[in-house]
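S.K.: Any chance you could fold what I've pasted below:
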Amino acid sequence: MSGTAEQPALEPARRRGRRRTGGRPPVLRILLSLLLLLLLAWAAAVAVAGVQAGRALQRVAAEAPRLEGQVRAKDYAGAREGAARLADDSAAADRATSQLPYRLATHLPWVGAQLKAVGGGAHAAALLTEPLPQALGVVDEVLGQGLVSADRTVNVAGVQELTPIVLDYQTRIEAARTALHDGEGPEVLSAISTRLDPVTAQLDQASGPLQTASQVLPQLPALLGADGPRTYLVAFTNPAEVRPVQGIVGAYAYLSVEGGRIALTRTGTDNDLYAARADVSLVGQEFLGLYGQDAARVQNVTMGGSAAEAGVLTSSLVTVAGLPTPDVVVFVDPVGLGQLLGSAHPPLQLGPFGDVATADLARTLMYDAYVRFGTDQDARKAFLAVTSAAAFEAVLSDGLSTAALDGAREAVDSGHLAVWSSRPQEQSALVAAGVAGVLGPPRDGVARVGLTGVVPSKLDYWVAPTFTVAPPCAGTGTTTSSMSLSLANSVPADVPAYVSNAAAPRAADRRTAVETVSLWVAPWVGLDQVTVDGRPVAAAVDSEGGWRLVRVTVSVRPGTSTTVEWRFSGAADALPRTVDGPTTATAPRVTTSSCTP
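M.R.: The predicted model follows:
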């Protein structure tokens, strides 16, 4: 009885228990469902972000060429509207790829590499385009009216406005390069990498010049007299009597620069400097040991391998001579003046020579003037001083035109223009800009050559240098190489007495040029042999500015050539493959021959 009474009470309990178990999903199933929803939401968010970023970047890519064309055409006002759209699209792409779901997805295998590359491109685009509209506005305001006005006044305030823009972009480019490089990898699809790799390469290429501009621009206002008047000495040099820094100083001009306004205040010739002697101790014992007290004379202040020492000595020389002490010294020769003016510049009116094309300026100043004035040296020097200053004034009148800037770069690169400042911070900026004409630290793969005419003459005008570089065949390890310099003397049969070799004991040798050939190479490059026309010779081996300096003196007879050859040994990547200099009237030619086994 008792058993049958308890049975009905147990049934409902079991049924209730079954309803609890079968009526609710397991916890695991709930979690899986939630995770699936999250993954779907995450994938959707990533997909949406990717689509948004992709479309925005496509619009950026489509707009960029048009914007570049407007900037090149100097349509800065028109470019601002496109720049604003570019900045908005880039910012949208950057926001889309900066969201948490997208960032998490960049850690996934393979897919993450693609997302990271796109995200890096979007962030780089945003960094570079965000300040672009405002920057173009400043550029339009500063350059629209011309950085140099008709009265030869540089817009110093404009330079100061441009400076923070350049400094900001220098920081942004470095951050953009990092973003792009972080997204690189072998797994990135070519459809992505082929779009981003060229941008990365361009930024890598622009990084160096922009860093240089960031060093130089802050110094420009002071160089332009923003803080008070600055005194510039323009030393007109002459490679018809070569020295490693452009030749001898034959004439000079003083410029006053204040608040960007440039004025020519005085001209003169080396007659004013003959009695003076520069203080050679100012450039150190190494220079004194190499070139001696003779470098204190006006004819020899440019004997060293660096325009920095020449600037110090020239400043000292004019000060001793009672002339104003310059803040800045500019070295330029007739070749450099022609390059600054450019081939398209109208001819210059040069007195007895009439209208002279810029291409003929060097010949007029370095040869025709000697023929025209003969033994009347005072008249010739006065002519050189006046015409050199007039040519330089023509350069200033052109302002900072594209042609003038291109010509300045050509003159600097070929060694026919160099600038020195007495202020260390400015000098560092000039060195960074590559316009200081200094040796710099020793470098692998580079040789520098200078010529010094060692007898009084103007024969160097006809001495033409040709280099043949035979690089090592091996790319690594210790090996050998060679480099030769042929000097050809094409002097005509009849030249004025003042032009000829005054030290020659025989009349037959009056047209023979005598040159000291100086070679600068890295000190870790071994020098095995020096030959002249195939015969081994003893060379003076010293050091200058950390470089190994090798000097040998040769004679170059008229209508012939003399060849100096150097044989090197050492690490393959250190041996010379390129050569700088010399700054002769005729540009040196460099050819590469078969490699040296």
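S.K.: Okay, now the unreliable bits of the chain?
M.R.: 1-54, 56-57, 145, 150, 398-402 (pLDDT under 70).
S.K.: try it again with 80
M.R.: 1-64, 67-68, 72, 143-152, 396-405, 596-597 (pLDDT under 80).
S.K.: mind listing the strands for the stretch 251-400 of the chain?
M.R.: Assigned by DSSP state E, counting those that start in this stretch, the strands in the stretch 251-400 of the chain fall at 261-269, 328-332, 348-349, 355-356.
S.K.: List the neighbouring strands of the third one plus their orientation.
M.R.: Based on DSSP bridges, the strands next to strand 348-349 in the sheet, each with its direction, are strand 355-356 (antiparallel).
S.K.: what does the partner strand contact?
M.R.: If you take C-beta atoms under 8 Å, 6 or more residues apart in numbering as the criterion, strand 355-356 is touched by 347, 348, 349, 350, 364. Placement of C-beta: from N, CA and C, glycine included.
S.K.: Which of these sits closest to residue 231?
M.R.: Ranked by distance to residue 231 (C-beta to C-beta), the contacts of strand 355-356 are led by residue 348 at 25.8 Å.
S.K.: if we can go back for a sec, so which of the strands of the stretch 251-400 of the chain is the most surrounded?
M.R.: strand 328-332 (a mean of 24; mean count of other C-beta atoms under 10 Å).
S.K.: for that strand, packing partners?
M.R.: strand 230-238, helix 307-320, strand 417-421 (3 or more C-beta pairs under 8 Å, 6 or more residues apart in numbering; DSSP states H and E).
S.K.: of all these, which gets the most neighbours per residue?
M.R.: Most buried among the helices and strands packed on strand 328-332, counting by mean count of other C-beta under 10 Å: strand 417-421, with a mean of 27.
S.K.: Now do that strand against strand 328-332, angle only.
M.R.: 170 degrees (axes from the mean of the first three to the mean of the last three C-alpha atoms, to 10 degrees).
S.K.: Can you give the distance from strand 417-421 to the centre of its chain?
M.R.: 14 Å (C-alpha atoms, centre = their mean, to the nearest Å).
S.K.: What are the contacting residues of that strand?
M.R.: Contacts for strand 417-421 (C-beta under 8 Å, 6+ apart): 223, 245-246, 307-308, 310-312, 315, 327-332, 336, 339-340, 408, 411-412, 427, 430, 435-437.
S.K.: wait, which of the strands of the stretch 251-400 of the chain is closest to residue 175?
M.R.: That would be, of the strands of the stretch 251-400 of the chain and by C-beta to C-beta, strand 328-332, which comes in at 35.1 Å.
S.K.: For stretch 110-120, buried residues please.
M.R.: 112, 113, 114, 115, 116, 117, 118, 119, 120 (16 or more other C-beta atoms under 10 Å).
S.K.: Same list, the residues you listed, but as JSON lines with secondary structure and distance to residue 465 please.
M.R.: Shown next, in JSON lines, are these (DSSP: H, G, I helix; E, B strand; the rest coil; distance: C-beta to C-beta, whole Å):
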{"residue": "112", "secondary structure": "helix", "distance to residue 465": "57"}
{"residue": "113", "secondary structure": "helix", "distance to residue 465": "53"}
{"residue": "114", "secondary structure": "helix", "distance to residue 465": "55"}
{"residue": "115", "secondary structure": "helix", "distance to residue 465": "57"}
{"residue": "116", "secondary structure": "helix", "distance to residue 465": "53"}
{"residue": "117", "secondary structure": "helix", "distance to residue 465": "50"}
{"residue": "118", "secondary structure": "helix", "distance to residue 465": "53"}
{"residue": "119", "secondary structure": "helix", "distance to residue 465": "54"}
{"residue": "120", "secondary structure": "helix", "distance to residue 465": "48"}
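S.K.: need these in CSV with distance to residue 480, can you?
M.R.: Shown next, in CSV, are the buried residues of stretch 110-120 (distance: C-beta to C-beta, whole Å):
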residue, distance to residue 480
112, 50
113, 45
114, 49
115, 51
116, 47
117, 45
118, 50
119, 50
120, 45
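S.K.: Most widely separated two among the residues you listed?
M.R.: The widest separation within the buried residues of stretch 110-120 (C-beta to C-beta) is 12.1 Å, between 112 and 120.
S.K.: Nearest to residue 422 among the contacts of strand 355-356?
M.R.: residue 348 (31.1 Å).
S.K.: What spatial separation is found between the closest one and residue 220?
M.R.: 28 Å (C-beta to C-beta, to the nearest Å).
S.K.: looking at it, residue 437 is touching residue 245, isn't it?
M.R.: Yes - at 6.3 Å, residue 437 counts as touching residue 245 under the criterion of C-beta atoms under 8 Å.
S.K.: what's the overlap in contacts for the two?
M.R.: 306, 307, 310, 331, 415, 418.
S.K.: and the closest residue to the second one other than its chain neighbours, what is it in contact with?
M.R.: Spelled out, it's residue 307. Leaving aside its sequence neighbours, residue 307 sits nearest to residue 437 (C-beta to C-beta, 6 or more residues apart in numbering; 3.2 Å). By C-beta under 8 Å, 6+ apart, the contact set of residue 437 is 245, 306, 307, 308, 310, 331, 412, 415, 417, 418, 419, 420.
S.K.: So which of these is the closest to residue 373?
M.R.: Among the contacts of residue 437, and counting by C-beta to C-beta, the member closest to residue 373 is residue 331, at 24.1 Å.
S.K.: For that closest one, which residues are in contact?
M.R.: Residue 331 touches 235, 237, 245-246, 302, 307, 310-311, 314, 417-420, 437, counting by C-beta under 8 Å, 6+ apart.
S.K.: I'd like the residues you listed as CSV, with distance to residue 447 appended.
M.R.: Output for those, formatted as CSV (distance: C-beta to C-beta, whole Å):
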residue, distance to residue 447
235, 27
237, 23
245, 17
246, 19
302, 20
307, 18
310, 21
311, 24
314, 27
417, 22
418, 19
419, 24
420, 24
437, 17
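S.K.: Between those residues, which sits nearest residue 173?
M.R.: Using C-beta to C-beta, the contacts of residue 331 come closest to residue 173 at residue 419, 26.5 Å.
S.K.: returning to what we had before: out of the contacts of residue 331, who's nearest residue 74?
M.R.: residue 417 (25.9 Å).
S.K.: Please identify which helix or strand holds the nearest residue to the closest one once chain neighbours are set aside.
M.R.: Closest residue to residue 417 apart from its sequence neighbours, by C-beta to C-beta, 6+ apart: residue 411 at 3.7 Å. Applying DSSP states H and E as the criterion places residue 411 in helix 402-413.
S.K.: And for residue 241, the neighbour number?
M.R.: 21 (other C-beta atoms under 10 Å).
S.K.: Now for it: which residues touch it?
M.R.: 247, 248, 299, 453, 456, 457, 458, 460.
S.K.: sec struct for the fifth one, please.
M.R.: This means residue 456. When classified by DSSP: H, G, I helix; E, B strand; the rest coil, residue 456 comes out as coil.
S.K.: Now it. Its backbone dihedrals?
M.R.: The phi and psi torsions at residue 456 (degrees, to the nearest 10) take the values phi -60, psi 120.
S.K.: quick one: it and residue 500 touch, right?
M.R.: No - the pair residue 456 / residue 500 is not scored as a contact, 9.3 Å apart, by C-beta under 8 Å.
S.K.: For those two, indicate the residue with more neighbours.
M.R.: When neighbours are counted by other C-beta under 10 Å, residue 456 and residue 500 differ, and residue 500 comes out ahead with 22 against 13.
S.K.: tell me the secondary structure for the more buried one?
M.R.: Assignment for residue 500 (three-state DSSP): coil.
S.K.: Now it: phi and psi?
M.R.: According to degrees, to the nearest 10, residue 500 has phi -80, psi 170.
S.K.: What's the local residue count around the closest residue to it other than its chain neighbours?
M.R.: Closest residue to residue 500 apart from its sequence neighbours, by C-beta to C-beta, 6+ apart: residue 510 at 4.1 Å. Using other C-beta under 10 Å, residue 510 has 19 neighbouring residues.
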